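>>> Here is the input, now give the coordinates:
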Amino acid sequence: MPERVSLLFGVHAHQPSGNFSEVVDRAHALCYLPFLQTLAEYPAFRFAAHVSGPLLDQLAAGHPDDFRLLQVMAARGQLELFGAGDAEPVLAAIPHRDRIEQIERLSRRLAAHFGTRPQGAWLTERVWESAVVPALADCGVRYAIVDDYHFLCTGKTAADLDGYFTTEEDGRTLDLFAISEELRYRIPFAPAHEAVAYLEGLARPDRRVAAVYFDDIEKLGVWPETHDWVYARGWLREFIERVLASPAIETTHYAEFHARERTRGVVYLPATSYIEMNEWSLPAAAAAEYVALVQGEKQAGRYPARKGFLRGGIWRNFLSRYPEANWMHKRMLALSVRFAALPEAQRSDELRTLLHLAQANDAYWHGLFGGIYLPHLRRGVYGKLVELEARLDAIAERPAVASLDLDYDGTTETFVHNDALQIVVRGDGSAALRELDAYALAQNFGDTFRRHAEHYHRRVLDGRSQEGGGTGIASAHDRVSFKHAIGAADVIPDAAPRDLFRDTWIEAGDRVLPCERYRSGEPVLAESRLDFAIAIGSVRIEKTIALSGGTTSVRYRVGGGTSGTLRTTLDLAMPSCDGFGGRYIVDERIVGGFGQPLDLAEAHEVTLDDRFMKGSVTVRCAPPARIVGRPYHTVSQSEEGFERIMQSVTLQIEWSVAPPATFEVELDVRADPR
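Here you go, the predicted model:
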């Protein structure tokens, strides 16, 4: 008789701390609660779960029934809980000292709530780099899970991956289980009887084998069609009952299988993630080539044998693809250094929590999900970074003006700050602000996102919706649908970054000359002032940027040449975006929302009031200027389809100029005391 198949069934659940409460409520209703209630009815069905620290907090506070069910199933031995970095960071992307603290924090949390420290670890987005081994091992983690693709890249075959292997780094060892791609694509998308038949077919006569499944729990209720399929139509209940009734399958904890089986040997894995991530992390043109290569191999029937050698990108490529992600990441690393440099007594839990939440993975990358395209996720990171920076400044003062190449892009940025605000001025010749932080609001008004070329935009332009068919349901990976009407103009990449005070000189005859070669003078430290100058066309423009209290002022002096138009463009990240909480106020009247057009022929002041932010930005112009406001959108994909997302309010401020002349723009940031 063949040995029984050990089904190692695991789910991963995470919601970032900056996510909307209604998103968590929806996931609870569609997935978390029905999943846990169903599993609780079958104590013999053993399974594993990883729940991130932020989600544990959200469940304990807002959905205690979910939390209680986890405790009940853990107490009776049905549930094995997995550890990880507490705030769900990509461990490879944060410093070793922070890996240790993040892993330890979640392990302590699990021990306090569920009575035991975890032996296994979930790796965020299954991002593997061998550098993470020492931190995991030093925290008492004995095994982790990665994709079978990681192993195929080393020359292993799928038939080899029915147990666990051992790897090492710097003398510390870690055992690795390989998640089956075949199971990932069957659960829950294939009919339950087909998924169970596949499991039964894995049994071998000579040894007990592991069938490893560990994937996002949202695929069991939140993804399109899955709630009806999994619960209303009974997929999950049928799957569980068929598994429990099968003489060929036993549900097993990872810890149990690990304790009773020997390692299959030593293995060294390359830096990689799951196969879809390796496509998403490539630049658009390279991703298109990669997809074409994969499709060609599939059509030729060679893909199953060769996919381990068809390597795409790695997770860190997102930091190269998206300058916005790289900047945010390097800001986080710099504050981690500052935090670590404090005396131990000053490294409080509050500061550590801010740092950890700023390291959450969600806003640093993009694939099938919004990720960095979602303003509220980026705001969740920047809110923690800005608050942490303000608290660090109160403990260990830093220079009011500093210049450095923080993001390693070859240009120097200049940081200017006081107790209320901080600006970061680009050193690329644009003299534009890439960051404007208001400490009282924990808000970066420069946190917008430019239009990038994405290889999936070809599917947008194709314009056809594609849904699943056959006996099961389609995975979101295979579905093409549209949440909004999208045209070709919506996906044209931006030629320049979206920032604040990017200038243009428009000559008579409408010849547009971008101001891209400002020269900078020495900063005037006593006045927190930066001076720039440019000769463009037949005019000379002098630009001065200064901070005073809660006000950022930019003054222009235009001399020489002939008449023309001076335009400066500000992309202001406003938390309400096109929601009901954001509105333009002119002369104490509400004249529209941020999602509506604003056209002021001659204005000296406009206020952008944001209820969600509990504050406002007032733009003052002297002399009065033409002000045009428009919502700025990008197009990205999500599991629910292609969507247009408002990233910022784009304000264009223009003066007709007959040199010599002087113009000034002030941004006055205020926190609402309500």
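>>> Roughly how far does Ser430 sit from Met277?
Distance of Ser430 to Met277, given as C-beta to C-beta, to the nearest Å: 33 Å. For the C-beta atoms, the positions are set from N, CA and C on the backbone; glycine is no exception.
>>> let me fix that: Gly537
47 Å.
>>> More neighbours: which of those two?
The residue with more neighbours, out of Gly537 and Met277, is Met277; 23 against 16, by other C-beta atoms under 10 Å.
>>> tell me the pLDDT at the more buried one?
What the model reports for Met277 is a pLDDT of 93.
>>> do Asp587 as well
In this model, Asp587 is scored at 96, pLDDT.
>>> Give the burial count for it, as a bare number.
Counted with other C-beta under 10 Å, Asp587 comes out at 10.
>>> Need the contact partners of whichever strand or helix holds Arg583.
In this assignment (DSSP states H and E), Arg583 forms part of strand 582-586. The contact list for strand 582-586 (C-beta atoms under 8 Å, 6 or more residues apart in numbering) reads 574-576, 590-595, 598, 600, 603, 605-612, 616, 629, 649.
>>> Would you mind confirming that Pro497 makes contact with Arg450?
Yes: shown here, Pro497 and Arg450 form a contact pair, counting by C-beta atoms under 8 Å, at 5.6 Å.
>>> which of the residues in the helix or strand bottoming out on mean pLDDT in the chain are buried?
Counting by mean pLDDT, DSSP states H and E, the weakest-scoring helix or strand in the chain turns out to be helix 457-462, with a mean of 78. Using 16 or more other C-beta atoms under 10 Å as the burial criterion, the residues of helix 457-462 that qualify are 457, 459-460.
>>> what's the single longest strand in this protein?
Ranked by residue count and defined by DSSP state E, the top strand of the chain is strand 615-638.
>>> same for it, what does it pack against?
Applying 3 or more C-beta pairs under 8 Å, 6 or more residues apart in numbering; DSSP states H and E, one finds that strand 615-638 contacts strand 564-572, strand 598-610, strand 641-657, strand 661-671.
>>> Which residue would you name as the spatial centre of this protein?
Ala363 (1.9 Å; C-alpha atoms, centre = their mean).
>>> Contacts only, for it.
Per C-beta under 8 Å, 6+ apart, neighbours of Ala363: 16, 18, 325, 328, 371-372, 374, 377-378, 380-381.
>>> at 10 Å instead, please
Listed by C-beta atoms under 10 Å, 6 or more residues apart in numbering, the contact set of Ala363 reads 16, 18, 324-325, 328-329, 370-382, 447.
>>> does it count as helix, strand or coil?
Secondary structure for Ala363, judged by DSSP: H, G, I helix; E, B strand; the rest coil, is helix.
>>> List the contacts of stretch 255-262.
Residues from elsewhere that reach stretch 255-262 (C-beta under 10 Å, 6+ apart): 6-8, 46, 48, 77, 80, 82, 116, 118-120, 142-143, 162-164, 166, 175, 177, 207-210, 212, 250, 252-253.
>>> Kindly report the same for stretch 60-75.
Here stretch 60-75 has contacts from 13, 21, 24-25, 27-29, 32-33, 35-37, 39-40, 43, 45-47, 49, 51, 55-59, 78-81, 110, 113-116, using C-beta under 10 Å, 6+ apart.
>>> buried ones in stretch 25-32?
By 16+ other C-beta under 10 Å, the buried positions in stretch 25-32 come out as 27-28, 30-32.
>>> okay if I get these as a markdown table plus pLDDT and distance to Glu104?
Formatted as a markdown table, the buried residues of stretch 25-32 follow (pLDDT from 0 to 100; distance: C-beta to C-beta, whole Å):
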| residue | pLDDT | distance to Glu104 |
| --- | --- | --- |
| Ala27 | 95 | 27 |
| His28 | 96 | 28 |
| Leu30 | 97 | 33 |
| Cys31 | 97 | 29 |
| Tyr32 | 97 | 26 |
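>>> Closest to Arg670 out of the residues you listed?
Distance to Arg670, by C-beta to C-beta, is smallest for Ala27 among the buried residues of stretch 25-32, at 35.6 Å.
>>> Pick the most deeply packed of the helices and strands packed on strand 615-638.
Most buried of those, by mean neighbour count (mean count of other C-beta atoms under 10 Å): strand 564-572, with a mean of 22.
>>> which residues in the stretch 201-350 of the chain form strands?
Secondary structure of the stretch 201-350 of the chain (DSSP state E, counting those that start in this stretch): strands located at 209-216, 249-251.
>>> can you redo those strands as TSV with distance to Ala345 and mean pLDDT?
TSV is the format used below for those (distance: least, C-beta to C-beta, whole Å; pLDDT from 0 to 100):
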stretch	distance to Ala345	mean pLDDT
strand 209-216	40	96
strand 249-251	48	97
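>>> Would you quantify the distance from the residue nearest to Arg517 when sequence neighbours are not counted to Tyr518?
Computed as C-beta to C-beta, 6 or more residues apart in numbering, the closest residue to Arg517 that is not its neighbour in sequence is Gly429, at 4.7 Å. Gly429 sits at a distance of 6 Å from Tyr518 (criterion: C-beta to C-beta).
>>> Please say which of those two ends up with more neighbours.
Tyr518 (22 against 16).
>>> Please report the confidence value the model assigns to the more buried one.
As predicted, Tyr518 sits at a pLDDT of 97.
>>> Then Phe369?
What the model reports for Phe369 is a pLDDT of 80.
>>> same thing with the one 3 residues further on?
The model reports Ile372 with a pLDDT of 96.
>>> Would you confirm that it belongs to a helix?
Yes: assessed with three-state DSSP, Ile372 lies in a helix.
>>> For it, give me its contacts.
So Ile372 contacts 318, 321-322, 324-325, 328, 362-366, 378, 381, 449, 452, 636 (C-beta under 10 Å, 6+ apart).
>>> For the helix or strand hosting Phe177, list the C-alpha coordinates in CSV.
Here Phe177 sits within strand 172-179, counting by DSSP H and E. Output in CSV follows, covering the C-alpha atoms of strand 172-179 (Å, rounded to 0.1, in the frame of the first residue of the first chain):
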residue,chain,number,x,y,z
ARG,A,172,23.4,29.1,10.5
THR,A,173,21.0,26.6,9.0
LEU,A,174,17.3,26.9,8.0
ASP,A,175,15.1,24.2,6.5
LEU,A,176,12.9,25.1,3.5
PHE,A,177,9.6,23.7,2.2
ALA,A,178,8.6,24.2,-1.4
ILE,A,179,5.0,25.5,-2.1
